[in-house]
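Student: Turn this into a model:
(2 chains)
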Amino acid sequence: DTEVTQTPKHLVMGMTNKKSLKCEQHMGHRAMYWYKQKAKKPPELMFVYSYEKLSINESVPSRFSPECPNSSLLNLHLHALQPEDSALYLCASSQPSQGYEQYFGPGTRLTVT
Amino acid sequence: SQKIEQNSEALNIQEGKTATLTCNYTNYSPAYLQWYRQDPGRGPVFLLLIRENEKEKRKERLKVTFDTTLKQSLFHITASQPADSATYLCALRRDYGQNFVFGPGTRLSVLP
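Tutor: Sure thing, here's the model as predicted:
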């Protein structure tokens, strides 16, 4: 199984809402990533978990809160977002021993109103 | 400052020809360089990885070269097909661990 799944596919939320994005992989990968992608731009790294510990936080605002409950699951908790946070949020996973080739999920299209 | 550039925002080629995409970088010393394909509204798909001590990698119709002196990677698709039309992204491993940065991408259109 080489699939990374993400839920929901689409999410519309108000600026005062709290919501969560979910990501799951069953490839046994020990690194998991969150990226943000705006239209016609490349993915931008937000967070990396390595062996379930947060290893990289690219100075992301605290309104984004990642969580890695176990080696297969990754969550991104959202609170008090701004309209400029509207984007495609991509989850990826990789295995360090395999050169970090990343397997991406289909993404969650987030719209903040 | 650190920068990654890909040769052009868009590239049109005729079916059957070889497409050559360029990834140039400055002020990085990447141990790995990766190439991905992304279709509209979908996540990127991994294609090839090349390490700093490798000059060339091949996979079916794809070939990647890596010149750490020129700070450049070339990505070739031979015998291109309309189904190869997509955005192609290069990604560098930054200084450590799983810290990757993507280039801006090249949108390839293969015309029948």
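Student: chain center to stretch B:53-69, what's the gap?
Tutor: Offset of stretch B:53-69 from its chain centre (Cα atoms, centre = their mean, to the nearest Å): 10 Å.
Student: Check whether that stretch comes near chain A.
Tutor: No - shown here: stretch B:53-69 not in contact with chain A (Cβ under 8 Å from any Cβ of the partner chain), separated by at least 10.7 Å. Backbone N, C-alpha and C define where each C-beta goes, glycine included.
Student: ok, and what's touching that stretch?
Tutor: With Cβ atoms under 8 Å, 6 or more residues apart in numbering or on different chains as the test, stretch B:53-69 has contacts from B:29, B:33, B:35, B:47-52, B:72-80.
Student: and if we set it to 7 Å?
Tutor: The set of residues external to stretch B:53-69 that reach it, using Cβ atoms under 7 Å, 6 or more residues apart in numbering or on different chains, is B:33, B:35, B:47-48, B:50, B:52, B:73-79.
Student: Please spell out which residues along that stretch are buried.
Tutor: Neighbour-count burial for stretch B:53-69, with 16 or more other Cβ atoms under 10 Å in any protein chain shown as criterion, is recorded at B:57, B:62-66.
Student: Quick one: end-to-end distance for it.
Tutor: Criterion Cα to Cα, to the nearest Å; first-to-last residue distance in stretch B:53-69 is 11 Å.
Student: now it: mean pLDDT?
Tutor: Averaging the model's pLDDT scores along stretch B:53-69 yields 95.
Student: now swap in stretch A:66-83 and tell me
Tutor: Mean pLDDT, stretch A:66-83: 96.
Student: contacting residues for residue A:35?
Tutor: A:43-46, A:90, A:92.
Student: What parts of chain A come near chain B?
Tutor: Within chain A, the positions adjacent to chain B are A:31, A:33, A:42-43, A:45, A:48, A:50, A:55-56, A:90, A:94, A:99-107 by Cβ under 7 Å from any Cβ of the partner chain.
Student: what about 8 Å?
Tutor: Contacts of chain A with chain B, taken as Cβ under 8 Å from any Cβ, map to A:4, A:31, A:33, A:41-45, A:48, A:50, A:55-56, A:88, A:90, A:92, A:94, A:96, A:99-107, A:109.
Student: Could the C-alpha coordinates of the lowest-mean-pLDDT helix or strand in chain A be exported in CSV?
Tutor: For chain A, the helix or strand with the lowest mean confidence is strand A:53-57, at a mean of 89 (criterion: mean pLDDT, DSSP states H and E). Written as CSV, here are the backbone C-alpha positions of strand A:53-57 (Å, rounded to 0.1, in the frame of the first residue of the first chain):
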residue,chain,number,x,y,z
LYS,A,53,8.7,13.9,17.3
LEU,A,54,8.4,17.3,15.8
SER,A,55,11.8,17.9,14.2
ILE,A,56,11.1,20.9,11.9
ASN,A,57,8.8,23.9,12.4
